[in-house]
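[1] Predicted structure and sequence below. I'll ask about it afterward.
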Amino acid sequence: MSTKLVQYSRSIWLTRLAGLLFLSLFFVTCLVAQNGSATLPSTKIGDPTKPELQPRLDVDRDPLPSPDPDEIPPAVNTAATTPAKAGEIQKNQNGMYTLRANVDEVLLNCTVIDDKGRTVTDLHQDAFRVWEDGVPQIVNSVQHEDLPVSLGILVDNSGSMRDKRSAVNIAAYKLLQASNPKDSAFIVNFSERAFLDQGFTSDLVALNRGLSRLDSHGTTAMYDAVAASADELVKHAKERKQALLIITDGADNASRMTLAQAVRRVQGLGGPVVYTIGLLFDVDKNEADRARSALESLSEETGGIAYFPRSVDELDTIAEEVARDIRNQYVVDYRSTKPAALGGYRTVRVEAVAPGRGKLIVRTKKGYFAQAPQKATQVSQSVTQ
């Protein structure tokens, strides 16, 4: 009788133990389900030693928003100064430098050419003269440095470009290779709409993928693409020095904006130099004349150059020349005698004179729109400590 009692007690104990184990496993399972992500190993985010993540280019693209023709973005670089006199520079936690600048200070990107067409790179401050609205200005400083640039490359992707895109892409890639390694660039392919096929990056492989997004069809809305790309510079450019390169083979025939509005858009930014390449060698004369006039206007108003090659075979040479021009500019700094708070458009003229150098030609923007004071301007250029 005692043996049966012992066996019965043991059976009850084992049953209760099994129940307790089942309940314990149930609660553990519930906790893991609710907090499983917290128990996973943490993933390091934003590791600067890892390759930069790029957006996928094998998915459907969204067009780059076309801005309102009458809306002018605030200029980000119209006024800036050298740190010695104009303001205090502070380094933020993200590594960016904040420059609290005097808004009456103006920076001009200038290229100097001699009478034989050669680039002049050894001039000093006393060689430069600046006039704003016809009034002489005092030049504060002149620098000749290979500073990084934020660059936008805009390529016509309309139907007429189909047979030219291969040569265009090769030339654009050579330009990127010949540029400052610290430059960052974005790629816009445009027809009747503009597509941002690669955002700002220094990764040449990613930029080459952006150039390779071929879908040549439709019409040409170049002015809208220029305005949208100008907005891209406003929102995402990190460098004070900025440029746009436009490659097209015809006149605009689909934009909401006019040429004057597109030029005004770029001038409103105060900084971008626009280089243009017109592949007009197989276009009828009327269209070629209209396209030439528009491309020359965009470049001349901003201090850039308009190129018109006789065939795609000249593209590689032009691309290398554009990269060289960008890297050999002077930065001329002057303080305007007219307060920026007055606003409005100001014409600018720069001359360079040096003994024994003959006639020198200075290429820079023809003017800028003065903007209201900004609290601070962020610049990513290195600052001498």
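    The structure has been received and is ready for your questions.
[2] Only the buried residues of stretch 139-157, if you could.
    Burial within stretch 139-157, assessed by neighbour count using 16 or more other C-beta atoms under 10 Å, is assigned to 139-140, 142, 144, 147-157. Quick note: C-beta positions are derived from backbone N, CA and C, even for glycine.
[3] Isn't Ala251 up against Thr219?
    No. Counting by C-beta atoms under 8 Å, Ala251 stays clear of Thr219, with 10.5 Å between them.
[4] more neighbours, these two?
    Comparing Ala251 with Thr219 by neighbour count (other C-beta atoms under 10 Å), the higher total belongs to Ala251, at 21 against 15.
[5] For that one, what are phi and psi?
    Here is the backbone geometry of Ala251 (degrees, to the nearest 10): phi -80, psi 150.
[6] what does the one 3 residues further on give?
    Dihedral pair for Ala254: phi -150, psi 0, per degrees, to the nearest 10.
[7] thinking again about what came up before, from the buried residues of stretch 139-157, which ones fall inside strands?
    Judged by DSSP state E, strands contain the following of the buried residues of stretch 139-157: 139-140, 142, 144, 150-156.
[8] ok, of those, which one's closest to Asp163?
    Relative to Asp163, the closest of these is Asp156; by C-beta to C-beta it sits at 12.4 Å.
[9] before we move on, the earlier item: which two from the ones in strands among the buried residues of stretch 139-157 end up farthest apart in space?
    The distance between the two most remote of those (C-beta to C-beta) is 40.2 Å, for Asn140 and Asp156.
[10] Quick check: pLDDT value at Ala370.
    At Ala370, the pLDDT value in this model is 87.
[11] follow-up on the earlier one: list just the nearest of the buried residues of stretch 139-157 to Val273.
    Closest approach between these and Val273, by C-beta to C-beta: Val149, at 8.9 Å.
[12] check contacts around the closest residue to the closest one other than its chain neighbours.
    Closest residue to Val149 in three dimensions, ignoring its sequence neighbours and counting by C-beta to C-beta, 6 or more residues apart in numbering: Lys241, at 4.6 Å. Contact analysis of Lys241 by C-beta atoms under 8 Å, 6 or more residues apart in numbering lists 109, 147-150, 271, 329, 331.
[13] Rank those residues by pLDDT and give me only the lowest.
    Sorting the contacts of Lys241 by confidence puts Gly271 at the bottom, with a pLDDT of 67.
[14] now Gln177, what's its secondary structure?
    Following DSSP: H, G, I helix; E, B strand; the rest coil, Gln177 is assigned to helix.
[15] so what's it scoring on pLDDT?
    Looking at Gln177, its pLDDT reads 97.
[16] How about Gln125?
    Predicted confidence (pLDDT) for Gln125: 97.
[17] What of the one 10 residues further on?
    Predicted confidence (pLDDT) at Val135: the value is 97.
[18] What residue, apart from its backbone neighbours, is nearest it spatially?
    Closest residue to Val135 apart from its sequence neighbours, by C-beta to C-beta, 6+ apart: Thr337 at 5.8 Å.
[19] now Ala185
    In space, and not counting its chain neighbours, Ala185 is closest to Leu151: 4.2 Å by C-beta to C-beta, 6+ apart.
[20] remind me which residues of the stretch 251-385 of the chain are low pLDDT?
    Regions of the stretch 251-385 of the chain meeting the criterion pLDDT under 70 cover residues 270-271, 372-385.
[21] redo that, cut-off 50
    Per-residue confidence of the stretch 251-385 of the chain (counting by pLDDT under 50) places the weak regions at 376-385.
[22] What ranges does it have for its helices?
    Counting by DSSP state H, counting those that start in this stretch, the stretch 251-385 of the chain has these helices, from start to end: 259-267, 285-302, 315-327.
[23] Go through the last one and flag the buried ones.
    Okay, so that is helix 315-327. Of the residues in helix 315-327, those buried under the neighbour-count criterion (16+ other C-beta under 10 Å) are 315-316, 318-323, 325-327.
[24] If you count contacts, what does it end up packed against?
    Identification of packing neighbours for helix 315-327 by 3 or more C-beta pairs under 8 Å, 6 or more residues apart in numbering; DSSP states H and E yields helix 165-178, strand 273-278, strand 306-307.
[25] Break the protein into its domains for me.
    Structurally, the chain divides into domains by automatic domain parsing as follows: 1-37, 64-385.
[26] among those, which is the most enclosed?
    Of all the domains of the chain, domain 64-385 carries the top mean neighbour count, a mean of 18, counting by mean count of other C-beta atoms under 10 Å.
[27] Check which helices and strands the helix or strand where Val188 lies sits against.
    When secondary structure is defined using DSSP states H and E, the element that contains Val188 is strand 184-190. Contacts defined by 3+ C-beta pairs under 8 Å, 6+ apart place strand 184-190 against strand 150-156, strand 194-201, helix 204-211, helix 222-236.
[28] same thing but 10 Å
    Packing contacts for strand 184-190, counted by 3 or more C-beta pairs under 10 Å, 6 or more residues apart in numbering; DSSP states H and E, involve strand 150-156, helix 165-178, strand 194-201, helix 204-211, helix 222-236, strand 242-248.
[29] possible to save the ones you listed as a markdown table with distance to Gly356?
    Compiled in a markdown table, the helices and strands packed on strand 184-190 are given as follows (distance: least, C-beta to C-beta, whole Å):
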| stretch | distance to Gly356 |
| --- | --- |
| strand 150-156 | 35 |
| helix 165-178 | 31 |
| strand 194-201 | 43 |
| helix 204-211 | 41 |
| helix 222-236 | 39 |
| strand 242-248 | 32 |
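[30] Could you say which one of these comes nearest to Arg256?
    Shortest separation from Arg256 across the helices and strands packed on strand 184-190 is recorded for helix 222-236, at 5.8 Å, computed as C-beta to C-beta.
[31] what mean pLDDT would you report for that closest one?
    Rounded mean pLDDT across helix 222-236 is 93.
[32] Report all helices and strands that it contacts.
    Under the contact criterion of 3+ C-beta pairs under 10 Å, 6+ apart, helix 222-236 touches strand 150-156, strand 184-190, strand 194-201, strand 242-248, helix 259-267, strand 273-278, helix 285-302.
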